[in-house]
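J.: After the sequence you'll find the predicted model.
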Amino acid sequence: MRAFDEPSEVLSRPDQVFRAVAEHAIDAVFVLDQEGRTTFANRAAEEMFGWSQAELAGRKLHDQIHYKHADGSPFPMSECPLGAVFQTGQSLRLHDDIFYHRDGRPVPVTCSNGAIHQGGEVIGGLLIVRD
């Protein structure tokens, strides 16, 4: 048996730590580029919204799961507080909203979108979603 101060060789590499956290998280995890396109979605995200990571890759996530208001009216990305992260660089915490499953049913969620900065520029976002 390993002591707690002896990390697994696999879980000591940053890329493997990220993969383990993302894949074993109970909440949906999305990594988005500066345009809001999906570059990563974990297994929980696939299960929560019905889209595979391969289907979401390169697509604007807003257009797939957050495209309308609860009343059914269109919800453009330009009005989305989660999307504002890409313009302002300000992270949004504990935001309650309605997203949509692939089959059209509403999914009430609480989410946070953290801006990812590099060299003083916003290069993407880390969206965590809990249903």
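T.: Alright, I've got the coordinates. Numbers count the residues shown, from 1 in each chain.

J.: tell me the strands in this protein, going along the chain?
T.: 28-33, 38-41, 92-100, 106-118, 121-130 (DSSP state E).

J.: Could you identify which of these is most buried?
T.: The highest mean neighbour count among the strands of the chain, using mean count of other C-beta atoms under 10 Å, belongs to strand 28-33: a mean of 22. For glycine as for every other residue, the C-beta is placed from the backbone atoms N, C-alpha and C.

J.: got the CA positions of it in PDB?
T.: This file holds the C-alpha atoms of strand 28-33, laid out as PDB (Å, rounded to 0.1, in the frame of the first residue of the first chain):
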ATOM      1  CA  ALA A  28     -19.900  18.800 -16.500                       C
ATOM      2  CA  VAL A  29     -16.500  20.400 -17.500                       C
ATOM      3  CA  PHE A  30     -16.100  22.300 -20.800                       C
ATOM      4  CA  VAL A  31     -13.000  24.000 -22.000                       C
ATOM      5  CA  LEU A  32     -13.800  26.700 -24.600                       C
ATOM      6  CA  ASP A  33     -11.600  28.800 -26.900                       C
END
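
J.: For the chain, give me the ranges with low pLDDT.
T.: When residues are selected by pLDDT under 70, those of the chain lie in 1-10.

J.: in the helix ranked longest in it, what's buried?
T.: Ranked by residue count, the top helix of the chain under DSSP state H comes out as helix 14-24. Applying a neighbour-count criterion of 16 or more other C-beta atoms under 10 Å, one finds residue 22 buried in helix 14-24.
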